[in-house]
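**Student:** no sequence on hand, only this structure:
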């Protein structure tokens, strides 16, 4: 390990020697790294409070990746997603033809449909079964990356991509931050992004981004077992002083408990629904904006949560070439403003061109100032409960009613006899308050039981054993 108490000239000599010795290994992991980036990487990897790294960091960009990323960033700023309630984007016909000519999965279906709406939908099951069939014939296979994930559903996926495409996440993050007036500057010698998780096991790494001017990008696991001593986690985060931290509500709930001295520019929540109550707690603790972003492994970031008077959960779209439909259970387009399944076409990953890809997330498509937005967004299929007087209760009503509370995660299940079981995770909300809200929805006569959280990160948020006829 480098001793940073050495005289500056000796330190520089030691860094230079290390750079010369490690060039081949570093160039394999980081083709575009420079001396400043190498110095920062070593500092991150060997910091005395660093976590137990579980994976080597990489940033395998090609020579033209920085230019491509800059062009994509410009498109994200200027080419806003725009189509009308009864129209489609002008790039869609050419994309449809390309898919049927170049992509094995779609080509097997026959000739290119005359109408986009005649194209069959695809699903997560198609991708899980044969991810290679989504890869077009005309994309290079050298340098591809296969990312394995189970997402929030517990069903494994393999996402095929490459290093250049992974860099495009950064402009989308910058676009989401810009919606709150926050800039992600990057630059040599600083950590730009820190990704925080809280899991029993996950990949952790230190990396340096050429797109961000040799700034650091770090993923850490806040779980105590991943650190050598109890105070290392807070010490490392404070020492890194990241511009922006990203994570899910579970990780951010844990972050609240740490004695961190650093104040980031923003916190960006992904992967799970963020309650307004938890967001308010985070904003008060870190004195920075907390941004809720809708993202999927298959598509990358899709939208960023914005304020809307009519709908409390509304997302502004981020990707200029991602078309969104809302379909009913029969695969037909819903009426304008009707809630249905979010279905994606397009995207920025050339190895995974999506064509009418049903996400199993549900929302409404609305328009504000001529731009499409997602409203009442909630992951997974709607679940219908029954109130004590026999009324049907949609799970979105429960989400909205509890949204103002600082709940990290919760689950509600209704048994066949009508009994409701509520489980909360990482919450200081009094049971009396939760009971009052839930009985206000389901009726004073509803049978409501509170149970401890089960140690299962993949627990379904809403479940019902009732049969409706």
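**Tutor:** Done, it's in. It should be emphasised that the depicted structure is a prediction, and the values quoted were computed from it without experimental measurement. Numbers count the residues shown, from 1 in each chain.
**Student:** contact partners for residue 258?
**Tutor:** Counting by CB atoms under 8 Å, 6 or more residues apart in numbering, residue 258 touches 222, 233, 234, 237. No exception for glycine: its C-beta is placed from N, CA and C like everyone else's.
**Student:** how about the helices in the chain?
**Tutor:** Assigned by DSSP state H, the chain shows helices spanning 8-29, 35-45, 65-78, 92-102, 104-107, 124-129, 163-166, 169-178, 232-240, 249-255, 276-286, 395-402, 431-442.
**Student:** could you save those as a markdown table and add columns showing distance to residue 312 and mean pLDDT?
**Tutor:** Output for the helices of the chain, formatted as a markdown table (distance: least, CB to CB, whole Å; pLDDT from 0 to 100):
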| stretch | distance to residue 312 | mean pLDDT |
| --- | --- | --- |
| helix 8-29 | 44 | 54 |
| helix 35-45 | 39 | 95 |
| helix 65-78 | 26 | 92 |
| helix 92-102 | 31 | 97 |
| helix 104-107 | 37 | 96 |
| helix 124-129 | 27 | 89 |
| helix 163-166 | 33 | 90 |
| helix 169-178 | 19 | 94 |
| helix 232-240 | 31 | 97 |
| helix 249-255 | 17 | 85 |
| helix 276-286 | 8 | 91 |
| helix 395-402 | 6 | 78 |
| helix 431-442 | 15 | 93 |
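**Student:** with distance to residue 318 added, can I get those helices in CSV?
**Tutor:** Formatted as CSV, the helices of the chain follow (distance: least, CB to CB, whole Å):
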stretch, distance to residue 318
helix 8-29, 29
helix 35-45, 28
helix 65-78, 7
helix 92-102, 18
helix 104-107, 25
helix 124-129, 21
helix 163-166, 16
helix 169-178, 5
helix 232-240, 26
helix 249-255, 20
helix 276-286, 19
helix 395-402, 22
helix 431-442, 32
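**Student:** nearest to residue 417, out of those helices?
**Tutor:** helix 431-442 (13.8 Å; CB to CB).
**Student:** what does that closest one contact?
**Tutor:** By CB under 8 Å, 6+ apart, helix 431-442 touches 385, 387-388, 393, 397-398, 401-402, 405, 412, 420, 422, 424, 446, 448, 450.
**Student:** okay, and which of the residues you listed map to strands?
**Tutor:** Those of these mapping onto strands are 385, 393, 412, 420, 422, 424, 448, 450, per DSSP state E.
**Student:** among the residues you listed, which ones are buried?
**Tutor:** Among those, those classed as buried by 16 or more other CB atoms under 10 Å are 385, 393, 412, 420, 422, 424, 448.
**Student:** could you work out the most separated pair of those residues?
**Tutor:** Farthest apart among those - using CB to CB - are 393 and 424, which lie 18.7 Å from each other.
**Student:** quick revisit: going by distance to residue 127, which of the ones in strands among the contacts of helix 431-442 wins?
**Tutor:** Of those, the one sitting nearest to residue 127 (CB to CB) turns out to be residue 412, at 29.1 Å.
**Student:** how close does that closest one sit to residue 78?
**Tutor:** 43 Å (CB to CB, to the nearest Å).
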